[in-house]
Every structure is written in structure tokens, then in C-alpha cells.
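> Could you look at this predicted model? Sequence included:
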Amino acid sequence: MTDTLTVGGDRAGRTRDPRARKGPQRPSWEEAPGVAGQTFKGATLALVVAAVLVPLWIVALTSVSTPGAIGRAGGLVIWPDGMTLNAYRLMLENGAVTRALLVSLGITGVGTAISMVVSVLCAYGLSRSGSLGHRAILMVLIVTMFVSGGLIPTYLVVTGLGGYGQYWALILPSAISVFNILVLRAFYSGTSAELIDAARMDGANDWRILWSVVLPTSRAVTAVVTLFYAVGYWNSFFNVMLYMPTDSPKWPLQYVLLEYVNYGMNMPGSVNSGFGTAHAQTAPLSLQMAVVVLTLVPILMVYPFMQKHFKTGVLTGAVKG
């Protein structure tokens, strides 16, 4: 029986548990935090943060460094020396990079919309136990996670349908992720049956239930899966190597980055290109890092707003399965 303490002078006669002042109780199987344990956790967290931030710092700093600073550093710059924005100016003035940026934004936006529409509809249908053939369809989808037709048959199908050199070849072959569908299905299966039954009694059909009941109660998992698809489209470059000619103006930004960083392609105005004035010359490494920064900025801008949904969306969806 819990002992209570009557607070003197309290006219309402309220009681207070002395243990309530100590905060939440630690589970009996969990040890109290020690100095060594806390120090180790702090040091580990600091190392993880450094492993993430230090490369970003080096890439960003190198992108704004002069050719002399890069030469003195022998490559990547760790500490600020000479700084200039010529790499970004040259990159934005070049039509290939700006066009590639627009292509990437278009592919990411259209592809994410198509993927989400198909995934949400498929997941909702599979989450309803009375839907026609939902078990057989689910088994077929799961099998495709482990067995695929292979790269050559996929290439032959896409090119046979006239996809070579077309934008849709960069979207449709990788539009659906079975894993994302399973995550959505697990979450939709846990939607309150009382809410759905009440909506049906009000005359709502499945389209209205999906739009007005299921989606509003699953914003977290929807946001997480949307981010998964968007990051996948934004970082994709392999389909470009398969379905786009080498001189195509339809290259997305990631493939342009691959050309500059891995294959050493120079941009007019860089030191090794032979174009531009002396004061506008830019080191190729600085230009490469500037393109890397440009590819990172959109994800870094969106990710903080989605971070709060990850625990609720992914973990809850997985546990409910």
C-alpha cells in the first residue's frame, strides 16, 4: 500500500507521493548509469558525429578554396587558406550542371509521386483481409524481393518498349519498392477497425476511407516512405548508364557528378581546361567538390523536417506487422 503525505495548509486535502519528486523510476533490470559508461557513450557519440561532420567540412571547404590553397594542402583542404566562390559561379554558369539539376528535380518529383500513389494503393489493398487475392499477391511481391529477372531481361524490356533515351526509363524500372509497400501495409493493417466501420456506416467507400481515415492517421509512415523514394531517385545514376546515350542532354545531376569526380571531365574555366581568364580559373578538385555540395544541399534541407517521423513511421510500421 502506498504511503501518502498530506501537505500542510492544503485546503483541498490533496495527498502527494514522496517518490513522485524523484522522477520516473528506472526498471529493476537496468543498471544505474556510471561515470565510465556515460563517458564511453559520450565519446562514442562524439566519434560518430565527427565521422559525419568532418567529411562534410572538408568537402565544403575544398569547394571554396583557391587553386593555390589546394596545391599547398596537396589535395583536400582541412583548414581555411585562400577562399573563393569561383567554383560555384563557374558551375552555375555552365549549362550542363544547371540543366542536370533541373532534370534531377523533375525526375525526383515525378518519380516520387508515381511511386507513392502505386505503393499506397497496393499497401491499402493488401491490408484489407477481405480484398480479392490479397494473400496470393502478397506472396508474389515477397518473392520478387529475393528473386528477380536480372539486369539483361530488364534492359531488353525497357529498350524494347522504346525507353532508351527517354525520361520514363529513369523512373518506371525502379518505381516500386516491395519493402516500402510492406512497411505501409503493416501500418495500414493497424488502423482502428472502429474508425473504418464508422466510416462505412456513414456511406464512405474504400477510396474515401483511404483518403479521409487511413492516410490522416498514418502521416508519419507516409512521410518516411516518401523520403525513401525521393532519396533513391535523387541519388540514382545507374539507370542513366543503361538507358541514356553518352552525349544525351538528359543526364541528371548525379551522373554529371560521376563524370566530373570519377572520369575527370573538365569544365570550361577550370585550370586544366584551357578556357577562361586567369582570375577566374578554378581547380578541378574545387569544382568537383562544389558539385558534391550541390547534390547534398536538397537532402540536407529536407531531412531535418522528416527526422521526427522516422521513429514513429518505420519502427511502428515494422512492429505492427
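Yep, that arrived. Numbers count the residues shown, from 1 in each chain.

> Dihedrals phi and psi, S65?
phi -100, psi 150 (degrees, to the nearest 10).

> Same check on M83?
phi -130, psi 140.

> Also the one 5 residues further on?
The phi and psi torsions at Y88 (degrees, to the nearest 10) take the values phi -70, psi -40.

> Not counting its neighbours along the chain, what's nearest it?
Of all residues not flanking Y88 in the chain, A290 sits nearest, at 5.3 Å (Cβ to Cβ, 6 or more residues apart in numbering). Bear in mind the C-beta positions are built from the backbone N, C-alpha and C, glycine included.

> Secondary structure class of the one you found, three-state.
Under DSSP: H, G, I helix; E, B strand; the rest coil, A290 falls in the helix class.

> where does it land on pLDDT?
You'll see A290 listed with a pLDDT of 85.

> For burial, what's the neighbour tally of it?
26 (other Cβ atoms under 10 Å).

> In contact with it, which residues?
Counting by Cβ atoms under 8 Å, 6 or more residues apart in numbering, A290 touches 63-64, 87-88, 91.

> Now do the buried residues in stretch 101-120.
Residues of stretch 101-120 classed as buried: 101, 103-104, 107-108, 111-112, 114-116, 119-120 (neighbour count, 16 or more other Cβ atoms under 10 Å).

> before we move on, what about stretch 154-163?
155, 158, 163.

> ok, those vs P252, which is closest?
G163 (15.5 Å; Cβ to Cβ).

> just checking, that closest one touches N239?
No. If you go by Cβ atoms under 8 Å, G163 and N239 don't touch, sitting 9.7 Å apart.

> which neighbours do these two share?
The contact sets of G163 and N239 overlap at 169, 173 (Cβ under 8 Å, 6+ apart).

> can I see the domain layout of this protein?
Annotated domains of the chain cover 35-84, 86-320 [automatic domain parsing].

> In helices only, show me the buried residues of stretch 154-163.
Using DSSP state H, the subset of the buried residues of stretch 154-163 located in helices is 155, 158.

> could the buried residues of stretch 154-163 be laid out in CSV, adding pLDDT?
Shown next, in CSV, are the buried residues of stretch 154-163 (pLDDT from 0 to 100):
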residue, pLDDT
Y155, 89
V158, 90
G163, 87
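
> Just send the buried residues of stretch 154-163 back as CSV, with distance to G130 too.
Rendered in CSV, the data for the buried residues of stretch 154-163 read as follows (distance: Cβ to Cβ, whole Å):
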residue, distance to G130
Y155, 39
V158, 36
G163, 37
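
> And the residue nearest to Y88, how far from Q254?
Computed as Cβ to Cβ, to the nearest Å, the A290 to Q254 distance reads 15 Å.

> likewise V158?
Following Cβ to Cβ, the distance that separates V158 from Q254 is 19 Å.

> Could you do G42 as well?
From G42 to Q254 the distance is 36 Å (Cβ to Cβ).

> Dump the buried residues of stretch 101-120 to a markdown table, plus distance to A199.
Output for those, formatted as a markdown table (distance: Cβ to Cβ, whole Å):
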| residue | distance to A199 |
| --- | --- |
| L101 | 43 |
| V103 | 42 |
| S104 | 40 |
| I107 | 36 |
| T108 | 34 |
| G111 | 31 |
| T112 | 28 |
| I114 | 27 |
| S115 | 27 |
| M116 | 22 |
| S119 | 22 |
| V120 | 17 |
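
> So V77 sits against W57, correct?
No. With contacts counted by Cβ under 8 Å, V77 stays clear of W57, the gap being 9.7 Å.

> who has more neighbours, the two?
V77 (26 against 14).

> For that one, give me its contacts.
With the criterion set at Cβ under 8 Å, 6+ apart, V77 makes contact with 58, 61-62, 65, 69-70.

> give me the low-pLDDT residue ranges for this protein?
1-31, 248, 261-281, 306-321 (pLDDT under 70).

> Identify the residue nearest the geometric centre of it.
Nearest residue to the geometric centre of the chain (Cα atoms, centre = their mean): V231, 3.9 Å.

> what's the helix or strand for that one?
Taking DSSP states H and E as the definition, V231 sits inside helix 219-235.

> Who are the packing partners of that helix?
Helices and strands touching helix 219-235, by 3 or more Cβ pairs under 8 Å, 6 or more residues apart in numbering; DSSP states H and E, are helix 95-127, helix 178-189, helix 284-310, helix 316-320.
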